[in-house]
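Asker: the following block contains a protein sequence and its predicted model.
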Number of protein chains: 2
Amino acid sequence: MSRPHSDNAKVFKAFCDETRLMVLELLQGGEKCACVLLESLDITQPTLSHHMNILVESGIVSARKEGRWMYYSINELKGEKTVLLLRSLLMVADVQSDRTACC
Amino acid sequence: MSRPHSDNAKVFKAFCDETRLMVLELLQGGEKCACVLLESLDITQPTLSHHMNILVESGIVSARKEGRWMYYSINELKGEKTVLLLRSLLMVADVQSDRTACC
DNA sequence: CACATACATAGATAAATGTCAATGTATTTT
DNA sequence: AAAATACATTGACATTTATCTATGTATGTG
């Protein structure tokens, strides 16, 4: 039912914004709450909330609520799957170029 | 001098569009000319030209002109660098690769 | 040269995206 | 209960993006 290209594009959308890359870099240090991320980024709270929604929706980031805090962390399993996906996208077969007359 | 996050976001933009993912899938079979790509995609020629510009600008795809044909292929070196980048972003350990056996 | 082919560029447009201020909601504290 | 805290949601706005039609440019062919 789901189109793979659409799903894959959705995953990669997690990485095509500067702010989201900075969030991921911050999460490399381990799970962090939204307020800590907010302090490290020069954006407003609603903007952070927006980006975290995209990251969680993509599956790359996991969210956990504890009291009034939201804790975010990198989903390593999804990360591994995404690395494999990217590799399969970019590693071309070891075959000769198709230089036959095309038209 | 360039901002890494900006450059990285630019690279990942190559993968966050359905049409570009389909182009990359087509290029997995090896180098192809624009007209062949065009036949396989339900888009107009200027739209393909637009997407190929983004792919080439990102470095993921290499372009080669021969007569009146443009040949495109996946830049494997850039691909490998991008996989490494994604891995370091997500802190994913080196996953099994079919290339490790041969090198 | 005149014409056809392959692709690029320009301009227009609708949709998606990133951002913020204002406000709402859930949770904790006093 | 009232206030404070942490985050989500809404609505507005400017920018970017994907797409098309129309046209331009380079290259090959009669």
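Answerer: Yes, it's here. Just so it is clear, the model here is predicted, and its values are computed rather than measured.
Asker: which residue comes closest to the most centrally placed residue in chain A once chain neighbours are left out?
Answerer: Closest to where the C-alpha atoms of chain A average out (Cα atoms, centre = their mean) is A:A14, at 3.3 Å. Excluding its sequence neighbours, the residue lying closest to A:A14 (Cβ to Cβ, 6 or more residues apart in numbering or on different chains) is A:S58, at 4.0 Å. No exception for glycine: its C-beta is placed from N, CA and C like everyone else's.
Asker: OK, contacts around that neighbour?
Answerer: A:10-11, A:13-14 (Cβ atoms under 8 Å, 6 or more residues apart in numbering or on different chains).
Asker: can you redo these as JSON lines with distance to B:K32 and pLDDT?
Answerer: JSON lines is the format used below for these (distance: Cβ to Cβ, whole Å; pLDDT from 0 to 100):
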{"residue": "A:K10", "distance to B:K32": "26", "pLDDT": "93"}
{"residue": "A:V11", "distance to B:K32": "25", "pLDDT": "97"}
{"residue": "A:K13", "distance to B:K32": "26", "pLDDT": "97"}
{"residue": "A:A14", "distance to B:K32": "29", "pLDDT": "97"}
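Asker: so which of the residues you listed wins on neighbours?
Answerer: A:A14 (26 neighbours; other Cβ atoms under 10 Å in any protein chain shown).
Asker: list the contacts of it.
Answerer: Contacts of A:A14 by Cβ under 8 Å, 6+ apart are A:20, A:24, A:54-55, A:58, A:60-61.
Asker: now, which of those lie within strands?
Answerer: Among the contacts of A:A14, the members falling in strands (DSSP state E) are A:V61.
Asker: DNA strand C: which of the contacts of A:A14 is nearest?
Answerer: Distances from DNA strand C to the contacts of A:A14, taken as Cβ to the nearest atom of the strand, are shortest for A:I54 (6.0 Å).
Asker: count residues in the vicinity of that closest one, would you?
Answerer: 17.
Asker: same question for A:S88.
Answerer: If you count neighbours by other Cβ under 10 Å, A:S88 ends up with 10.
Asker: likewise for A:H5?
Answerer: Neighbour tally, A:H5, other Cβ under 10 Å: 16.
Asker: state the helix or strand in which it lies.
Answerer: Element membership of A:H5 [criterion: DSSP states H and E] is helix A:4-13.
Asker: kindly report the same for A:M70.
Answerer: Counting by DSSP H and E, A:M70 is part of strand A:69-74.
Asker: and what about A:F15, helix, strand or coil?
Answerer: The three-state label given to A:F15 by DSSP: H, G, I helix; E, B strand; the rest coil is coil.
Asker: what about it, distance to B:E31?
Answerer: 26 Å (Cβ to Cβ, to the nearest Å).
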